[in-house]
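Chemist: What shape does this take:
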Amino acid sequence: MITISTFATRDKVPAALEANAKMTISIVNEIISAIPGTQFTSGYRSAAHNKSVGGVPTSYHVKALAADIVPPGGQFQKYKAQISAIVEKYGYELIDESTKKGAAHFHIEPAKKKKMIPVTPSEPVTVVNDPSVRLTDNQQTAGKSAMILTVVGMIAFIVWTETRT
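Modeler: Purely as a prediction, here's the structure:
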């Protein structure tokens, strides 16, 4: 099992990054428990170490949010789906680097967030009047909260206006 001291392949994990490291370590340890024989090959790297191995400056390794592993016997395709399922539970993704010459591995890091496309006032907004479309409890609560804040704001404005005259 991987520990905070073994997660850093060369340098000590800085105290400010220990929470990140612990999250990543727990995912790697779950993979190792589920698939005995999985090898951990890289975790936290200092910026200097990352540069020396050809890593990009924005690598999740320097944030203690990435790890590299090799499944048993180098059987990447056999274990890919199982490892992906584990990392996705935690909002991470598996990047298949198994065809890299001399350094074949699976890399795990936080999944890229989907881009949000803002709606500007100049764009038309379509309201769907379909009884089969249901809002989730969270959406209903958010809508009610927004309505309450709007009413409270209007009352505050009326009170403020009345006190000025």
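
Chemist: all helices of this structure, in order?
Modeler: Remark: helices assigned in the chain by DSSP state H are 4-7, 18-34, 47-52, 76-88, 137-164.

Chemist: Which of those helices comes out lowest on mean pLDDT?
Modeler: Of all the helices of the chain, the minimum mean pLDDT falls on helix 137-164 (a mean of 61).

Chemist: and residue 22, what does it touch?
Modeler: Residues in contact with residue 22 (C-beta atoms under 8 Å, 6 or more residues apart in numbering) are residue 4. (C-beta placed from N, C-alpha, C; glycine too.)

Chemist: Check residue 59 too.
Modeler: Contacts of residue 59 (C-beta under 8 Å, 6+ apart): 45, 50, 66.

Chemist: Which residue, neighbours along the chain excluded, lies closest to the last one?
Modeler: Meaning residue 66. Leaving aside its chain neighbours, residue 66 sits nearest to residue 60 (3.6 Å; criterion: C-beta to C-beta, 6 or more residues apart in numbering).

Chemist: what sits against residue 44?
Modeler: Contacts of residue 44 (C-beta under 8 Å, 6+ apart): 7, 8, 9, 11, 13, 17, 21, 61, 62, 64.

Chemist: got it, and residue 41?
Modeler: With contact taken as C-beta under 8 Å, 6+ apart, residue 41 is in contact with 68, 69, 70, 105.

Chemist: what's the closest non-adjacent residue to it?
Modeler: Nearest to residue 41 is residue 68, by C-beta to C-beta, 6+ apart, at 4.7 Å.

Chemist: quick one: pLDDT of that neighbour?
Modeler: 96.

Chemist: Report the beta-bridge partners for it.
Modeler: Assessed by DSSP bridges, residue 68 has beta-bridge partners residue 42, residue 107.

Chemist: Correct me if wrong: it contacts residue 107.
Modeler: Yes. The pair residue 68 / residue 107 is scored as a contact, 5.3 Å apart, by C-beta atoms under 8 Å.

Chemist: got any residues that touch both of the two?
Modeler: What both residue 68 and residue 107 touch, as defined by C-beta under 8 Å, 6+ apart, is the set residue 97.

Chemist: I'd say residue 53 and residue 45 touch.
Modeler: Yes. Shown here, residue 53 and residue 45 form a contact pair, counting by C-beta under 8 Å, at 7.1 Å.

Chemist: one step back: quick one, what contacts the residue nearest to residue 66?
Modeler: By C-beta under 8 Å, 6+ apart, the contact set of residue 60 is 66, 109, 110.
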